[in-house]
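J.: Let's see this in three dimensions:
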Amino acid sequence: MPYKTIKIRDETYENINVLVGDLMKELKRPVSIDEALRYLLKCRKNKPSMFAGGWNMGEEEIEEIKKELKESWKRWEL
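T.: Numbers count the residues shown, from 1 in each chain. Next up, the predicted model:
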C-alpha cells in the first residue's frame, strides 16, 4: 500500500491524536491515525443536517406523532 506524507499544523496533529485516543477507548483496541482520519471522513458523509427539510409534515401528521409519543411515554418504565 503506498503512503503519502502530508504537512499539518502541530495543533491539528494534537487534535487528531485526541481523536485517536477517544476511538481507542470506544473500540477498546489500538487505532492508527489513518483509521482515525478515515473515521472522520466517513462521519462527514452522513450528517443529520443533510436531511433537514427532507420530510414535509402537515399539522395532522404532527398531532398524530405527538399523540403516539404520549401513549408510548405512558408505558415507559425506569
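J.: For the rest of this, base every contact and every neighbour count on C-alpha atoms.
T.: Will do.
J.: Pull out the buried positions in the host helix or strand of E11.
T.: Using DSSP states H and E, E11 sits within helix 10-27. Within helix 10-27, the residues that count as buried by 16 or more other CA atoms under 10 Å are I16, N17, L19, V20, G21, L23.
J.: looking at the chain, which helix or strand does the model trust least?
T.: Ranked by mean pLDDT, DSSP states H and E, the weakest helix or strand in the chain is helix 33-45, scoring a mean of 86.
J.: can you list contacts of that helix?
T.: The contact list for helix 33-45, computed with CA atoms under 8 Å, 6 or more residues apart in numbering, reads I16, N17, L19, V20, L23.
J.: And the next helix or strand past it?
T.: Going down the chain from helix 33-45, the next helix or strand is helix 59-75, by DSSP H and E.
J.: Just the C-alphas of that following helix, formatted as CSV.
T.: Taking Å, rounded to 0.1, in the frame of the first residue of the first chain, the C-alpha atoms of helix 59-75 are listed here in CSV:
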residue,chain,number,x,y,z
GLU,A,59,-50.3,19.7,11.1
GLU,A,60,-52.4,16.5,11.2
GLU,A,61,-49.4,14.3,10.9
ILE,A,62,-47.6,16.3,13.6
GLU,A,63,-50.5,15.8,16.0
GLU,A,64,-50.7,12.1,15.3
ILE,A,65,-47.0,11.7,16.1
LYS,A,66,-47.3,13.7,19.3
LYS,A,67,-50.3,11.5,20.3
GLU,A,68,-48.4,8.3,19.7
LEU,A,69,-45.4,9.6,21.6
LYS,A,70,-47.5,10.5,24.6
GLU,A,71,-49.0,7.0,24.6
SER,A,72,-45.5,5.4,24.4
TRP,A,73,-44.3,7.6,27.3
LYS,A,74,-47.1,6.4,29.5
ARG,A,75,-45.9,2.8,29.1
